[in-house]
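Peer 1: predicted model follows, preceded by the sequence.
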Amino acid sequence: MMKRFYILSMLMLPLIVWAQQRPMQSLYMFDPLLINPAYAGNHVQLSATSIYRNQWVNFPGAPKTFTATMHSGFRGSRAGVGLIAGRDVIGIHGENSLYLAYSYKLPLSKVNNTTLSFGVQGGFNDFKSDFTKLTIRDPNDPFEQVVNRTFTWNFGGGLYLRSDKYYLGLSVPYGLNNRVMDFQGLDSESERRRYYYINGGFVKELSSNVKLLPSALIRLQEQAPFSFDLNLTSVFYNVVGLGVSYRNGGDWNVANGDAFIFLFELQINENFHVGYAYDMTLSDLASYSNGSHEIMLNYRVKINKLHKGLACPSYW
């Protein structure tokens with residue numbers, strides 16, 4: 001009975017609040033294009049990444065998210081281009097999205113290859129709510145046969161400062177506050193409010209074969225609690241990465257945790273990277289789910305006509 005209460009609360013969330021969270025992911029540090037269009041082309045070679053997240057396992061109607069990105073830089077050009085696609089499902093609600101990204105890189109210093117990138121993105125979100133999937137107890141319920149679809153356009157931008165030793169990003173990937181639902185008979189003022197992301201990190205060499213990569217991400221959303229992630233990854237022989245993350249529960253009090261995350265990355269060869277994250281839920285939802293799982297696959301390749309002679313970054 002309690003599970004049904006929680007899932008009903010989640011299904012009704014878009015109807016009664018002003019803001020709705022964007023899909024949460026734990027492996028974003030392996031695909032920064034998801035949060036900042038200025039990252040497009042920073043891998044230099046063609047890079048394609050897919051991430052699948054199964055949140056709150058064994059929880060009815062829990063979120064499932066799939067994202068796919070592709071981006072590349074070009075020889076003799078400071079520009080980078082990218083493509084971001086996503087599919088997010090929670091309960092009776094599903095959303096498809098598709099965005100194009102463009103970045104322009106300015107060299108600042110030859111010391112540690114420091115550059116500053118400016119990025120923009122634009123695309124659409126196709127949000128669908130199928131109320132026919134609900135068990136209706138009242139035969140006169142006005143939403144019994146409702147299938148609502150809301151199509152919206154959006155755009156955003158970002159800045160990305162990077163060197164061989166550190167990186168710092170600031171982005172607003174979705175600048176418009178679009179309606180979540182809009183159909184006759186529904187008295188709702190729900191909007192998806194814009195996000196502000198601040199992220200950064202650096203590399204610390206402990207030895208020739210062991211490196212530490214501390215990083216952090218701050219999420220700020222209008223009329224909603226902010227959240228932050230603190231991450232620490234150890235890289236061994238530039239092949240295996242093991243890490244942990246902490247995600248807070250919506251305020252500055254670190255004790256109010258939302259999840260403790262275990263990270264794994266493996267470079268299979270020069271083309272393939274794989275990653276895995278397990279979120280151990282710290283909130284009250286831990287009593288009703290077995291945590292969250294996330295899987296990442298990245299493929300990188302140099303195309304001679306586009307990338308010949310270009311050096312690729314080691315970490316970001």
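Peer 2: Arrived safely, thanks for sending. Numbering: from 1, shown residues only.

Peer 1: and the closest residue to residue 61 other than its chain neighbours, how many neighbours?
Peer 2: With Cβ to Cβ, 6 or more residues apart in numbering as the measure, residue 91 is the residue that lies nearest to residue 61, at 3.8 Å, once sequence neighbours are left out. C-betas here are computed from N, CA, C, even on glycine. Look at residue 91: counted by other Cβ atoms under 10 Å, it has 20 neighbours.

Peer 1: do I have it right that residue 91 meets residue 56?
Peer 2: No: here residue 91 lies out of contact with residue 56, judged by Cβ atoms under 8 Å, at a distance of 11.7 Å.

Peer 1: who touches both of the two?
Peer 2: Common contacts of residue 91 and residue 56, defined by Cβ atoms under 8 Å, 6 or more residues apart in numbering, are absent altogether.

Peer 1: on that earlier part again, okay, the residue nearest to residue 61 and residue 224: tell me how far apart.
Peer 2: 19 Å (Cβ to Cβ, to the nearest Å).

Peer 1: residues in contact with residue 160?
Peer 2: Residue 160 neighbours (Cβ under 8 Å, 6+ apart): 32, 36, 38-39, 42, 103, 116-117, 119, 167-169, 171.

Peer 1: secondary structure class for the nearest residue to it once chain neighbours are set aside?
Peer 2: The shortest distance from residue 160 to any non-neighbouring residue, by Cβ to Cβ, 6+ apart, is to residue 38 (3.7 Å). With DSSP: H, G, I helix; E, B strand; the rest coil as the basis, residue 38 sits in helix.

Peer 1: hmm, back to that, just the contacts of residue 160: which has the poorest pLDDT?
Peer 2: Within those, residue 42 has the lowest pLDDT, namely 85.

Peer 1: right, and that residue touches residue 116 too?
Peer 2: No: contact between residue 42 and residue 116 fails when scored by Cβ under 8 Å: they sit 11.4 Å apart.

Peer 1: those two: which is more packed in?
Peer 2: Neighbours around residue 42 and residue 116, counted as other Cβ under 10 Å, are more numerous at residue 42. The numbers are 25 against 15.

Peer 1: phi first, then psi, for the more buried one.
Peer 2: phi -70, psi -20 (degrees, to the nearest 10).

Peer 1: what's the answer for residue 268, then?
Peer 2: Phi and psi for residue 268, reported as degrees, to the nearest 10, are phi -70, psi -50.

Peer 1: show the model's pLDDT score for it.
Peer 2: Per the predicted model, pLDDT is 91 at residue 268.

Peer 1: low pLDDT regions in the protein?
Peer 2: Applying pLDDT under 70 to the chain flags the ranges 1-21, 136, 138-144, 181-190, 249-257, 286, 306-316.

Peer 1: chain center to stretch 71-81: distance?
Peer 2: 23 Å (Cα atoms, centre = their mean, to the nearest Å).

Peer 1: can you check stretch 226-239 too?
Peer 2: For stretch 226-239, the distance to the chain centre is 15 Å (Cα atoms, centre = their mean).

Peer 1: same question for stretch 116-126.
Peer 2: For stretch 116-126 - counting by Cα atoms, centre = their mean - the centre lies 14 Å from the chain centre.

Peer 1: next, the buried residues of that stretch.
Peer 2: Residues 117, 119, 120, 121, 123, 125 are the ones in stretch 116-126 that count as buried (16 or more other Cβ atoms under 10 Å).

Peer 1: quick one: the strands in the stretch 1-150 of the chain?
Peer 2: 46-54, 64-73, 79-90, 93-109, 114-130, 147-162 (DSSP state E, counting those that start in this stretch).

Peer 1: can you lay out those strands as JSON lines showing distance to residue 208?
Peer 2: Conversion of these to JSON lines gives the following (distance: least, Cβ to Cβ, whole Å):
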{"stretch": "strand 46-54", "distance to residue 208": "26"}
{"stretch": "strand 64-73", "distance to residue 208": "28"}
{"stretch": "strand 79-90", "distance to residue 208": "31"}
{"stretch": "strand 93-109", "distance to residue 208": "25"}
{"stretch": "strand 114-130", "distance to residue 208": "23"}
{"stretch": "strand 147-162", "distance to residue 208": "23"}
